[in-house]
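Undergrad: Here's a sequence, model it:
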Amino acid sequence: MALKLRKKKQEKLEAKKHTILIVDDEEVNRRALRKMVKDDFEVIEATNGKNALELIQALPESSTIHIIVSDQRMPELSGVEFLERSMSIFPNAVRILVTAYTDMETTIQAINKANIYKFITKPYDPEDFKHILKQALDSQELQSVKKALEKERGLNMLKSNFTSMISHQFKTPLSNVKTSIELLEFKSYNLDVKLQDYFQKHFQSIHEEIEIMNLLVEDILTYGIVEKRSIIPILESVSFVDYCEFVIHHRFSNKLYNQHIEFQVFGYNREITIDTKLMEHVLFNLLSNAMKYSDESPILRIRFQKQALVIIIADRGIGIPQEEQRNIFNSYYRAKNAENHQGTGLGLAITKDFVELHNGQIKFKSKLNKGSVFKIMLPIHQNTIQEQE
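TA: Okay, the predicted model is just below:
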């Protein structure tokens with residue numbers, strides 16, 4: 001006999017935090033389980049697997065079954081068969097199979113086919129059973145938290161703690177390593193010329209790795225400041241062409257970057273009101289990405305329009321997969337084809353925030369294995385910059 005929920009019971013079910021479905025063809029077993037769990041769970045019952053499937057299929061979409069407890073030996077559908085079919089309806093429910101027989105084949109079937117959390121043999125101790133249910137809920141909640149963390153890519157607290165850890169645990173040691181290497185370089189000048197060349201080669205390699213680590217730390221620390229909404233723009237009027245040339249020379253003159261930046265200017269050079277430190281981050285992040293993901297030299301093109309400055313950074317690199325493009329401005333997000341390149345997944349998130357602080361917009365187009373083009377639009381005639389809320 002198929003069981004139907006009454007309206008009153010449905011409302012009560014939705015109000016409860018946890019719901020348990022008991023499936024057993026023997027009334028005495030259902031009654032015992034109901035009595036055991038009724039104080040902690042909203043209880044739904046079915047007399048066999050077929051009825052249970054009909055029941056859970058008829059539940060409102062907002063309903064959730066947290067735990068399913070099923071007997072193994074029932075008419076029409078066995079417990080394993082029912083639990084396996086229930087996975088498509090409530091995939092996140094914790095499944096528990098109860099049987100009076102310790103059948104190893106059934107146990108293996110249950111684990112492999114129906115994703116069983118526990119296999120319980122009769123008779124069982126009520127207190128032990130309650131403890132298993134509590135463990136089951138804890139396991140389910142842990143999985144929910146894990147999925148939420150993966151989806152959000154870390155909670156704000158985790159990010160803040162990580163940022164603090166980076167600040168204290170990496171910045172100072174990196175500075176100490178750099179100082180020590182410079183001292184060793186100084187001492188190496190007294191060595192034979194051949195040895196000097198040998199050591200200089202390795203010293204240069206160490207300097208480059210330190211620079212990469214410093215850039216990673218800088219991204220993380222900068223994003224920590226952005227998240228706290230504690231950035232106050234310091235505005236000044238600059239010749240934007242001269243400013244770009246300064247950034248290129250200042251940030252890309254070391255041996256870490258081998259490509260030449262092709263700098264193009266269109267229109268009449270004018271002074272632009274910007275926060276030079278924030279805009280340096282924007283240009284550096286986009287240009288260093290263009291170099292990182294391409295062997296060819298990137299293009300930096302600026303175009304002065306009547307009321308806007310257009311900045312284009314283009315490369316002919318690996319591109320961004322179409323299905324991942326909607327996520328690239330999310331913090332800590334890295335496309336799959338970028339995983340073999342060093343980075344934090346923060347550069348573009350920082351870039352977007354800093355562009356918007358200038359009342360600007362950033363857009364991009366990208367094709368896999370063809371390259372990417374990032375376009376920034378900044379208003380030229382602006383009296384204010386967006387304030388943090």
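
Undergrad: Would you map out the domains in the chain?
TA: For the chain, the structural domains run 7-152, 156-227, 236-379, going by automatic domain parsing.

Undergrad: The helix or strand in which residue 35 is found - contacts with which helices or strands?
TA: If you go by DSSP states H and E, residue 35 is part of helix 27-37. Where contact means 3 or more C-beta pairs under 8 Å, 6 or more residues apart in numbering; DSSP states H and E, helix 27-37 is packed against strand 19-23, strand 42-46, helix 126-152. Yep, even glycine has a C-beta here, placed from its N, CA and C like the rest.

Undergrad: highest average neighbour count across the ones you listed?
TA: Ranked by mean neighbour count, these are led by strand 19-23 with a mean of 25 (mean count of other C-beta atoms under 10 Å).

Undergrad: now the helices for the chain?
TA: 7-15, 27-37, 49-57, 79-86, 104-114, 126-152, 156-169, 171-188, 193-227, 240-252, 276-292, 347-357 (DSSP state H).

Undergrad: what about those, which gets the closest to residue 94?
TA: Closest to residue 94 of those is helix 126-152 (C-beta to C-beta; 4.2 Å).

Undergrad: just checking, what packs against that closest one?
TA: Using 3+ C-beta pairs under 8 Å, 6+ apart, helix 126-152 is in contact with helix 27-37, strand 67-71, strand 94-99, strand 116-121.

Undergrad: what is the orientation angle of it with strand 94-99?
TA: Counting by axes from the mean of the first three to the mean of the last three C-alpha atoms, to 10 degrees, helix 126-152 lies at 150 degrees to strand 94-99.

Undergrad: mean confidence score for helix 126-152?
TA: Here helix 126-152 scores 77 as its mean pLDDT.

Undergrad: quick one: that helix to chain centroid distance?
TA: 22 Å (C-alpha atoms, centre = their mean, to the nearest Å).

Undergrad: and the angle for that helix with helix 27-37?
TA: Angle of helix 126-152 versus helix 27-37, following the same axes, to 10 degrees, is 70 degrees.

Undergrad: picking up where we left off before, TSV please, covering the helices and strands packed on helix 27-37 and showing distance to residue 179.
TA: Listed next are these as TSV, based on distance: least, C-beta to C-beta, whole Å:
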stretch	distance to residue 179
strand 19-23	62
strand 42-46	65
helix 126-152	38
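
Undergrad: if we can go back for a sec, got the helices and strands packed on helix 126-152 as CSV, with distance to residue 236, mean neighbour count and mean pLDDT columns?
TA: Shown next, in CSV, are the helices and strands packed on helix 126-152 (distance: least, C-beta to C-beta, whole Å; neighbours: other C-beta atoms under 10 Å; pLDDT from 0 to 100):
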stretch, distance to residue 236, mean neighbour count, mean pLDDT
helix 27-37, 68, 15, 88
strand 67-71, 63, 26, 90
strand 94-99, 60, 24, 86
strand 116-121, 62, 18, 80
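
Undergrad: on that earlier part again, quick one: the helix holding residue 35 to chain centroid distance?
TA: Remark: helix 27-37 is offset 44 Å from the chain centroid, using C-alpha atoms, centre = their mean.

Undergrad: and it with strand 42-46, angle?
TA: Using the same axes, to 10 degrees: helix 27-37 against strand 42-46 is 170 degrees.

Undergrad: on that earlier part again, wait, which of the helices and strands packed on helix 27-37 is closest to residue 241?
TA: Closest approach to residue 241 among the helices and strands packed on helix 27-37 is made by helix 126-152 (41.2 Å; C-beta to C-beta).

Undergrad: How many residues are close by residue 369?
TA: Neighbour count for residue 369, taken as other C-beta atoms under 10 Å: 10.

Undergrad: quick one: it and residue 322, what's the gap?
TA: Look at residue 369 and residue 322: by C-beta to C-beta, to the nearest Å, they are 12 Å apart.

Undergrad: mind listing what the lengthiest strand in the chain pairs with, with the direction of each?
TA: Ranked by residue count under DSSP state E, the longest strand found in the chain is strand 371-379. Strand pairing for strand 371-379, using DSSP bridges, gives strand 308-314 (antiparallel), strand 361-367 (antiparallel).

Undergrad: Format those as CSV; extra columns: distance to residue 327, mean neighbour count and mean pLDDT.
TA: Output for the strands paired with strand 371-379, formatted as CSV (distance: least, C-beta to C-beta, whole Å; neighbours: other C-beta under 10 Å; pLDDT from 0 to 100):
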stretch, distance to residue 327, mean neighbour count, mean pLDDT
strand 308-314, 20, 19, 96
strand 361-367, 12, 15, 96
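
Undergrad: Indicate which one of those is closest to residue 57.
TA: Among those, strand 361-367 sits nearest to residue 57 (C-beta to C-beta), with 43.5 Å.

Undergrad: Next, show the common contact partners of residue 369 and residue 322.
TA: The contact sets of residue 369 and residue 322 do not overlap (C-beta atoms under 8 Å, 6 or more residues apart in numbering).

Undergrad: my guess is residue 312 meets residue 374, correct?
TA: Yes: judged on C-beta atoms under 8 Å, residue 312 makes contact with residue 374 at a distance of 7.3 Å.

Undergrad: Sweet, I'm off.
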